[in-house]
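In: Please work out how this folds:
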Amino acid sequence: MQQFHFIIGLTALYFFVILGFVLYARIKSTNSLLPGLNEFFLAGKNLSPLVLTFTYMGSLFSTFTVLGIPALVYAHGGSAIIFYFSIAVVGSILFYIIGKKCAVLPKQSVYSLL
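Out: Below you'll find the model as predicted:
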């Protein structure tokens with residue numbers, strides 16, 4: 001039981017040391033501890049459409065790959081893998097096209113859109 005407490009304590013110490021390094025680097029680079037909402041949700045509006053496409057596809061397919069594809073392959077056989085890869089290709093192309101248009105929207109005013 002003593003060894004268990006030692007491992008937990010060492011893990012907690014490691015966590016707090018790493019957290020200290022991260023907070024120090026954050027304060028040194030941005031002069032603030034917490035990011036603003038714009039930076040947190042929109043990545044500071046500095047991402048290209050290609051990066052947004054890969055982020056979208058990564059978040060979509062991480063869940064779909066783990067939960068949806070095994071059920072789809074079980075229900076429809078191996079041909080469901082073709083469906084999976086076609087979604088990836090078509091979704092990437094469409095999101096890249098739409099992403100360019102969506103990237104322009106925050107730079108325009110509401111009145112220019114109307």
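
In: tell me the SS of residue 10?
Out: helix (DSSP: H, G, I helix; E, B strand; the rest coil).

In: Kindly give the local confidence score, pLDDT, for residue 6.
Out: Residue-level confidence at residue 6 comes out at 90, pLDDT.

In: Tell me the spacing between the residue nearest the centre of the chain and residue 102.
Out: Residue closest to the mean C-alpha point of the chain, counted by Cα atoms, centre = their mean, is residue 55 at 5.2 Å. Using Cβ to Cβ, to the nearest Å, residue 55 is found at 13 Å from residue 102. Any C-beta I mention is one placed from the backbone N, CA and C, and that applies to glycine too.

In: Then residue 52?
Out: 8 Å.

In: quick one: which of the two has more around it?
Out: More crowded of residue 52 and residue 102, by other Cβ atoms under 10 Å: residue 52, with 18 against 11.
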